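*Asks:* have a look; sequence and predicted model below, questions after that.
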Amino acid sequence: MKFLTVDVGSTYTKLTAIDATTREILGTAQAFTTIESDVMQGFERAWQELTEARPDNPCANFGYDQMLVCSSAAGGLKMVALGLVPDLTAKAARTAASNAGAKVVKTYAYEISGSEQQEIFDINPDLVLLCGGTDGGNREVIVANARRLVAIDRPFTTIVAGNKSATDEIRAIFEEAHKDVVITENVMPQFNKLNIEPARDAIRQLFIARIIEAKGLNRLQAMTPHKIIPTPLAVLQACELLSRGTATQQGYGDLLAIDIGGATTDVYSMAAGTPTVDNTMLKGLPEPWAKRTVEGDLGMRYSLTHVFEQLPERGFPQYEEQMKRVGEWVERCSSQPDTLAQPDSEEEKIEEFLGRSAVALAVERHCGRIADVYTPLGLMHTLEGKDLMDIPAVVGIGGVLRNSRHPEEILKGSLYNVMQPESTRPRNPKFYLDSRYIFAAMGLLRMVDEELACELLLRETKKIG
Amino acid sequence: MEKKTVVIGVIGADAHAVGNKIIDLTLCNHGFNVVNLGVMVSQEEFIDAAVETSADAILVSSLYGHGEIDCMGLRQKCDEAGLKNMPLFVGGNLVVGKQNFEDVKERFLSMGFDYVYAPSTPIEETIGDLKKHLGLE
Ligand code: B12
């Protein structure tokens, strides 16, 4: 049995050829795709590259039995999420959408205002996730938001995953307005109980039905019976597999994975994140074991200026000179996104410094926070979010880290920092790298051959540093 | 008839957990839907929970003697969050040592609480008040 996986990205289309009999990756290839150009062109060029008739090419005569496809074309699935209380259903909504592989452009809490309606109109999302209220809880806000959503003249589909007592009324509102709606289970059926899977699956199915059409993926879809899924979801599935292992193969256990890209940085954690410090009380919403966050303002090209603006070093006179040079590099990269740093140059160091800073910010937002509470009994702590201080493995995935000559220098940004003792980041992890850029491919392969996907992940993920 | 929802918890840095569990159980047995926030609960958490679950009352416990500081401003925050006329109940060991309870009660009432209970008030008494207040009997 031979498999071909296809990852249609916004800049590259990547192919991976897998042989299940010899249990190896035969080859990988990629071709540049622009958002405007036809998806099929990118696929065909990558295919030519993969099967090029060179004498040393093991894929020269490659033919596949099954093809699996994921896509983040055009920046993936654009979503906005609505909830009631920022720390409760609004956060649950955001978590569900992020875990489904969507790009959550904005999250709204409480009843949205007229200007927020306008903002959603301007964002022009593909999908909207509408949550709010526990089952039997608040219904006014979610109903009011349903009315406000149908008044926005954009063709998005709305997924409703809120208070079940309000769903009939909400369905009627959407049907009357002739707007697409899908109703699923509440993301928070009871107070502080997360139930994100139904919403996540609904998002995934809509992704297939709707986005595939819009982004011209239907011809690829016609070539395979397997449903196209969002790339971040494929990556999440690979992370989960590498962490848990299978019945016959031992996984890594808890892990943190980081994918820094040109425009966004994704962070995945596979861990319960229970407190590592004694006398710690848990606060806030429970976190899913497999969690993805995506930072739209952190990336190495299109959002490099945002990284620069958030550097903690800025504003210290002793760094002024260095920051000036960093600023110049940032400007160059922003105006010409194809700029590359020369090996062993100062620019390479700057690039690694910026990467490390972006990772630090992304991981800080992903991890939990611990706070000291002085009680008459002595010092106690509260933890909000995941405590990842004892996590044993940090895995770098994606193109930027793989193409860097010192990926561990970038991944070090994920480490616990004494200057921010409240941020529960890993203290002493080992670093690993997705050296052949196969996480998305293995997340796809897992759907048809889990043992093989796990074996290849374990083999191709390399320890670094 | 639909169950009434009550948010309960021990406010501030207070970690006395036993009474909270008893209150949870007793309220459940009397047919309430209980949202128990446990111990060391901030004012914001009480309010967030009440908003999201559309609670009918908030029942605050304080046992370690710092109740007055911890409870200050809760009513104002409720008003701010749109929880108008939310019934607020408080009990436990609200203040340090043996103070005249009538004075203590007066202070909590003026902070905006609707019902204030002396130490070792049985929770059943509160449940009676709760049912009356919510028109259940
Ligand atoms: C066990 C205990 C602890 C344990 C708690 C373990 C735990 N995780 O639960 C530990 C050792 C941690 C502890 C610590 C402290 N404790 Co202590 N503790 C007690 C003790 C002995 C029993 C509490 C208990 O569980 N009672 C059983 C339950 C069922 O009763 P309850 O908690 O009172 O709750 C009932 C009623 O109060 C009422 N109720 C409660 N809330 C509400 C709300 C409403 C609206 C209503 C109507 C009724 C109501 O109904 C409940 C159920 O029947 C009491 C003394 C006592 N005998 O009460 C002291 C006591 C409460 N603690 C006290 C103190 C001072 C402390 C400390 C500050 C310091 C210390 N001395 O250790 C710390 C505070 C720590 C913190 N951050 O909270 C004082 C409080 C003094 C005051 N308020 O004036 C007490 C009264 C002891 C005393 N006489 O000095 N304590």
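*Replies:* Nice, thanks for sending it over. Residues are numbered from 1 along each chain as shown, chains lettered A, B, ... in the order given.

*Asks:* now the helices for chain B?
*Replies:* B:18-29, B:43-53, B:67-71, B:74-80, B:101-110, B:123-133 (DSSP state H).

*Asks:* out of those helices, which one sits most buried?
*Replies:* When the helices of chain B are scored by mean count of other CB atoms under 10 Å in any protein chain shown, the highest mean neighbour count falls to helix B:43-53 (a mean of 23). To be clear about C-beta, it is placed using only N, CA and C from the backbone, and glycine gets the same treatment.

*Asks:* gap between it and the chain center?
*Replies:* Centre-to-centre, helix B:43-53 and its host chain are 12 Å apart (CA atoms, centre = their mean, to the nearest Å).

*Asks:* repeat for stretch A:84-93
*Replies:* 19 Å.

*Asks:* repeat that for stretch A:191-210.
*Replies:* On CA atoms, centre = their mean, the centre of stretch A:191-210 falls 15 Å from the chain's centre.

*Asks:* in it, what counts as buried?
*Replies:* A:191-192, A:194-196, A:198-200, A:202-204, A:206-208, A:210 (16 or more other CB atoms under 10 Å in any protein chain shown).

*Asks:* what of stretch A:266-274?
*Replies:* A:Asp266, A:Val267, A:Tyr268, A:Ser269, A:Met270, A:Ala271, A:Gly273.

*Asks:* closest one of these to A:Leu304?
*Replies:* Distance to A:Leu304 across these (CB to CB) is lowest for A:Asp266, with 16.5 Å.

*Asks:* from A:Val187, how far off is the residue nearest to the closest one when sequence neighbours are not counted?
*Replies:* Among residues not flanking A:Asp266 along the chain, A:Asp259 sits closest, at 4.3 Å (CB to CB, 6 or more residues apart in numbering or on different chains). To A:Val187, A:Asp259 is 25 Å away according to CB to CB, to the nearest Å.

*Asks:* looking at these two, which is more packed in?
*Replies:* A:Val187 (31 against 26; other CB atoms under 10 Å in any protein chain shown).

*Asks:* the worst-scoring helix or strand of chain B on mean pLDDT close to the ligand?
*Replies:* Using mean pLDDT, DSSP states H and E, the weakest-scoring helix or strand in chain B turns out to be helix B:74-80, at a mean of 89. No. Using CB under 6 Å from any ligand atom, helix B:74-80 stays clear of the ligand, with a minimum separation of 13.1 Å.

*Asks:* can that helix be said to contact chain A?
*Replies:* No. When contact is scored as CB under 8 Å from any CB of the partner chain, no part of helix B:74-80 falls within range of chain A; the minimum is 12.1 Å.

*Asks:* now do stretch B:35-55
*Replies:* Yes. Contact between stretch B:35-55 and chain A, assessed by CB under 8 Å from any CB, occurs at B:Val35, B:Gly38, B:Val39, B:Met40, B:Glu45, B:Asp48, B:Ala49, B:Val51, B:Glu52, B:Thr53, B:Ser54, B:Ala55.

*Asks:* got the residues you listed as TSV, with pLDDT and distance to A:Pro392 columns?
*Replies:* Compiled in TSV, the residues of stretch B:35-55 next to chain A are given as follows (pLDDT from 0 to 100; distance: CB to CB, whole Å):
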residue	pLDDT	distance to A:Pro392
B:Val35	95	37
B:Gly38	92	30
B:Val39	91	32
B:Met40	89	30
B:Glu45	93	33
B:Asp48	92	34
B:Ala49	94	35
B:Val51	92	39
B:Glu52	92	36
B:Thr53	93	38
B:Ser54	92	43
B:Ala55	95	42
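
*Asks:* tell me the one of those residues nearest A:Ala166?
*Replies:* Out of the residues of stretch B:35-55 next to chain A, the member with the shortest distance to A:Ala166 (by CB to CB) is B:Ser54, at 10.5 Å.

*Asks:* ok, that closest one touching A:Val141?
*Replies:* No. Under the criterion of CB atoms under 8 Å, B:Ser54 is not in contact with A:Val141, lying 9.7 Å apart.

*Asks:* find the closest residue to chain B in the stretch 201-350 of chain A.
*Replies:* A:Met281 (5.1 Å; CB to the nearest CB).

*Asks:* look up how far B:Thr5 lies from that residue.
*Replies:* Taking CB to CB, one finds A:Met281 at 24 Å from B:Thr5.

*Asks:* go on, A:Leu311?
*Replies:* 47 Å.

*Asks:* thinking again about what came up before, the helix or strand in which the residue nearest to A:Asp266 is found: what's the following helix or strand?
*Replies:* Element membership for A:Asp259, per DSSP states H and E: strand A:255-260. Downstream of strand A:255-260, the next assigned helix or strand under DSSP H and E is strand A:265-270.

*Asks:* average model confidence for that next one?
*Replies:* For strand A:265-270, mean pLDDT rounds to 96.

*Asks:* contacts for it?
*Replies:* Residues from elsewhere that reach strand A:265-270, judged by CB atoms under 8 Å, 6 or more residues apart in numbering or on different chains: A:232, A:235-236, A:239-240, A:242-244, A:254-259, A:289-295, A:298-299, A:358-359, A:362-363, A:365-367, A:386, A:388, A:391, A:398.

*Asks:* give the buried subset of those as a PyMOL selection command.
*Replies:* Selection of buried members from the contacts of strand A:265-270 for PyMOL, criterion 16+ other CB under 10 Å:
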select buried, chain A and resi 232+235+236+239+240+242+243+244+254+255+256+257+258+259+290+291+292+293+294+295+298+299+358+359+362+363+366+367+386+388+391+398
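
*Asks:* which ones among the contacts of strand A:265-270 lie within strands?
*Replies:* A:Leu255, A:Leu256, A:Ala257, A:Ile258, A:Asp259, A:Ala290, A:Lys291, A:Arg292, A:Thr293, A:Val294, A:Glu295 (DSSP state E).

*Asks:* distance of the fourth one relative to A:Val330?
*Replies:* It refers to A:Ile258. On the measure of CB to CB, A:Ile258 and A:Val330 end up 20 Å apart.

*Asks:* how about the last one?
*Replies:* Between A:Glu295 and A:Val330 the distance, using CB to CB, works out to 17 Å.
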